[in-house]
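Undergrad: okay, sequence plus prediction incoming.
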Amino acid sequence: MRDCSWVVGNPQFSNVRPDNFKCSSDSTEDVEEKYNCIAWAVGKKDAFWWPRQLGGYHWPGNLPREPLNRETIKNFEDAFLTEGFIRCSDGKWEDGFEKLALYVNDSDIPKHAARLLPNGAWTSKMGDSEDIEHDTVHVVEGDLYGKAKVFFKRPNPLCQKPSKLTTFLLSLRRIFGMR
Amino acid sequence: MTEGNNYWLIGRMFPSSGAVSITAPWFSNISLEQVQGRVSRGLDLVIQESSDLIAPHSRPTNALVVDQALEKEFERLVANWKRETRAQSSLGEIFTNDSYQRILGMGKDALPMILADLQKAPGHWFYALEKIVGHDVASGAKTFGEARDNWLQWGYKQNLI
């Protein structure tokens, strides 16, 4: 099922408008092959990543499992490192790199992650709901996910600056709300 | 049916096909005529009073007993929980949600309902199951589907499904 209408007007996503995001996958609410935003940010769809010692959920290697709502940025940083991501200063496009953003709440507890796409937009998996593509990293900031505070990157030669045509089309999309 | 009484859930009717699935094996020889025709939630077939149909000595000790009021409250809490956490990837937020915690507070009475919901759809029930049962039946399961299978198999063995 693919229906992101619940996102628009949702007070938890006060920055979301019909013209700054689009639905990009079906919901995984009713499927067993679950993945979440953390897995999606590192390019995986085969597991639900969270630092919890509980059958059915994944956390890489021997990294620590943490108490609920006391997870740490450091643990997520180490998890991203297992996939080749290292910390970087911002979410601006860099040729030859993939980038992801970690969202944390006011207490620096991780709540969400998003990945920068070659077209300059960001992609987020919304829990068990749909993936969405949003124009900037800030679109999904708010009460639910907090703020995009820490950024990571890993080399990927396939990630090159979007062409002028792509940039132009993205600008048009932003101006006219074209999807 | 009287509010506050317990009733025996024996199966599920599928309105589209008219088929009936008897899920409680100790009722496998029951005829539909014996069912009182009571319908709960429009789908579940229940016997008005189980003692009318089954001798007390043959009742399984851990049989599936559904308290109608509790089931209604469970469904209300599940709907709230799923709506409030649909965009959450944080297990902290999913498991500490107020409605989820209230379901946890139901203790072992919630097990048949949790397992039925897990059977119906792959929800995030593993934490509640682990806390209520006291150990992680799906420990070591790498995927959500594997853990779900482990818990459902366990539920069958315990006569909770």
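TA: That came through fine.
Undergrad: please enumerate the helices of the chain.
TA: I'll assume chain A. With helices called from DSSP state H, chain A shows them at A:37-41, A:73-81, A:164-176.
Undergrad: sorry, I should have been clearer: chain B.
TA: B:68-84, B:91-95, B:98-105, B:111-120, B:126-133, B:144-157.
Undergrad: how about the last one: buried residues?
TA: In other words, helix B:144-157. B:144, B:147-148, B:150-152, B:154-155 (16 or more other Cβ atoms under 10 Å in any protein chain shown). Every residue, glycine included, has its C-beta placed from N, CA and C.
Undergrad: now do it: everything it contacts.
TA: The contact list for helix B:144-157 (Cβ atoms under 8 Å, 6 or more residues apart in numbering or on different chains) reads A:32-34, A:47-48, A:55-57, B:111, B:115, B:118-119, B:122, B:125-126, B:129, B:137-138, B:141, B:161.
Undergrad: what do you get if the cut-off is 7 Å, keeping everything else the same?
TA: Residues from elsewhere that reach helix B:144-157, judged by Cβ atoms under 7 Å, 6 or more residues apart in numbering or on different chains: A:32-34, A:48, A:55-56, B:115, B:118-119, B:122, B:126, B:129, B:137-138, B:141, B:161.
Undergrad: what bits of chain A have low per-residue confidence?
TA: Applying pLDDT under 70 to chain A flags residues A:1-2, A:25-32, A:162, A:174-175, A:177-179.
Undergrad: dump the residue contacts of A:Trp50.
TA: A:Trp50 neighbours (Cβ under 7 Å, 6+ apart): A:38, A:57, A:59, B:91.
Undergrad: and the last one, how many neighbours does it have?
TA: Going back to what we said before, that points to B:Leu91. By the criterion of other Cβ atoms under 10 Å in any protein chain shown, B:Leu91 has 24 neighbours.
Undergrad: circling back: in CSV, list the helices of chain A along with mean neighbour count.
TA: Output for the helices of chain A, formatted as CSV (neighbours: other Cβ atoms under 10 Å in any protein chain shown):
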stretch, mean neighbour count
helix A:37-41, 25
helix A:73-81, 18
helix A:164-176, 12
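Undergrad: can you pull the contacts of the residue nearest the centre of chain A?
TA: For chain A, the residue sitting closest to the mean C-alpha position, by Cα atoms, centre = their mean, is A:Ala114 at 1.5 Å. Going by Cβ under 7 Å, 6+ apart, A:Ala114 touches A:37, A:41, A:100-101, A:122-124, A:137, A:140.
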